[in-house]
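J.: Provide a 3D model corresponding to the input given below.
(chains A and B)
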Amino acid sequence: KQEVTQIPAALSVPEGENLVLNCSFTDSAIYNLQWFRQDPGKGLTSLLLIQSSQREQTSGRLNASLDKSSGRSTLYIAASQPGDSATYLCAVLGGTSYGKLTFGQGTILTVHP
Amino acid sequence: DAGVTQSPTHLIKTRGQHVTLRCSPISGHKSVSWYQQVLGQGPQFIFQYYEKEERGRGNFPDRFSARQFPNYSSELNVNALLLGDSALYLCASSLSGGSIDTQYFGPGTRLTVL
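T.: Alright, predicted model coming up:
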């Protein structure tokens, strides 16, 4: 059974800092890994999708890496801003149940001015 | 283009009642998935549908059912509601639900069971 863990559970940083969010998964037989952002009480916004054959993806100030063999992914946020405050979720698409994303519990990020 | 839409936004029910939640995918998307997100946790997979056929089912009781219509919209039905069914119900759409597809999520329906 796939399990996804995110560390830390919560993070508070001053504006302008670079930060790293971590995600680990137990079964390396994945098709892809996605990072999402969720604002309080809202739906999920897809940030980055990394296919299993890729090592990293970049979008603006965000960079996500994937090491499938070790079951790890990181989301790097450069020059953080108060508007980045949200919950960040990683999810893996595995091969045993078609279309099923398995999510971590998320990291609650607070960027204070 | 409109994103994934869900209705209603909020819903309050009492134990034992049933509820129907609705989802309209992004235009051109043929796959819809449903997730349940309890407060403080990550979403849990309930169902995936593609071309009106169920493709995947998560570990949820038979009280949960769903269907997809010819226009690719979908309904999630929950019977005999329990307090523990209180959650944010999320719908996601993708082109085919395949491994290269990004899943796009709607804003969710907040269900409260009293």
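
J.: residue numbers of chain A in contact with chain B?
T.: By C-beta under 8 Å from any C-beta of the partner chain, the residues of chain A that approach chain B are A:4, A:31-32, A:34, A:36, A:41-46, A:49, A:51, A:89, A:91, A:93, A:97-106. Quick note: C-beta positions are derived from backbone N, CA and C, even for glycine.

J.: neighbours of residue A:60, how many?
T.: Neighbourhood size, residue A:60 [other C-beta atoms under 10 Å in any protein chain shown]: 8.

J.: can you give me the strands for chain B?
T.: B:5-7, B:10-13, B:19-24, B:31-37, B:44-50, B:53-57, B:64-68, B:74-78, B:87-94, B:104-105, B:109-113 (DSSP state E).

J.: where does the prediction get shaky in chain B?
T.: Applying pLDDT under 70 to chain B flags residues B:1.

J.: chain A contacts on that one?
T.: Residues of chain B lying near chain A by C-beta under 8 Å from any C-beta: B:4, B:31, B:33, B:35, B:40-45, B:48, B:50, B:55-56, B:58, B:88, B:90, B:92, B:94, B:97, B:99-100, B:102-108, B:110.

J.: need the buried ones from those residues selected in PyMOL.
T.: Buried members of the residues of chain B next to chain A can be picked out in PyMOL with the line below, counting by 16 or more other C-beta atoms under 10 Å in any protein chain shown:
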select buried, chain B and resi 4+31+33+35+42+43+44+45+48+50+55+56+58+88+90+92+94+97+103+104+105+106+107+108+110
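
J.: now what about stretch B:10-18, what contacts it?
T.: By C-beta atoms under 8 Å, 6 or more residues apart in numbering or on different chains, the residues outside stretch B:10-18 that reach it are B:19, B:21, B:77-83, B:109-114.

J.: just the C-alphas of that stretch, formatted as PDB.
T.: Extracted in PDB, the C-alpha atoms of stretch B:10-18 (Å, rounded to 0.1, in the frame of the first residue of the first chain):
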ATOM      1  CA  HIS B  10     -22.000  24.000   0.900                       C
ATOM      2  CA  LEU B  11     -24.500  21.500   2.200                       C
ATOM      3  CA  ILE B  12     -25.800  20.600   5.700                       C
ATOM      4  CA  LYS B  13     -27.500  17.300   6.200                       C
ATOM      5  CA  THR B  14     -28.500  15.100   9.200                       C
ATOM      6  CA  ARG B  15     -27.500  11.600  10.000                       C
ATOM      7  CA  GLY B  16     -29.300   9.000   7.900                       C
ATOM      8  CA  GLN B  17     -30.100  11.300   5.000                       C
ATOM      9  CA  HIS B  18     -28.600  10.900   1.500                       C
END
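
J.: what about the residue nearest to residue B:48 when sequence neighbours are not counted, how many residues nearby?
T.: Distances taken as C-beta to C-beta, 6 or more residues apart in numbering or on different chains place residue A:99 nearest to residue B:48, at 3.7 Å, with adjacent residues excluded. Counted by other C-beta under 10 Å, the residues lying close to residue A:99 total 25.

J.: does residue A:99 touch residue B:32 like I think?
T.: No - contact between residue A:99 and residue B:32 fails when scored by C-beta atoms under 8 Å: they sit 9.5 Å apart.
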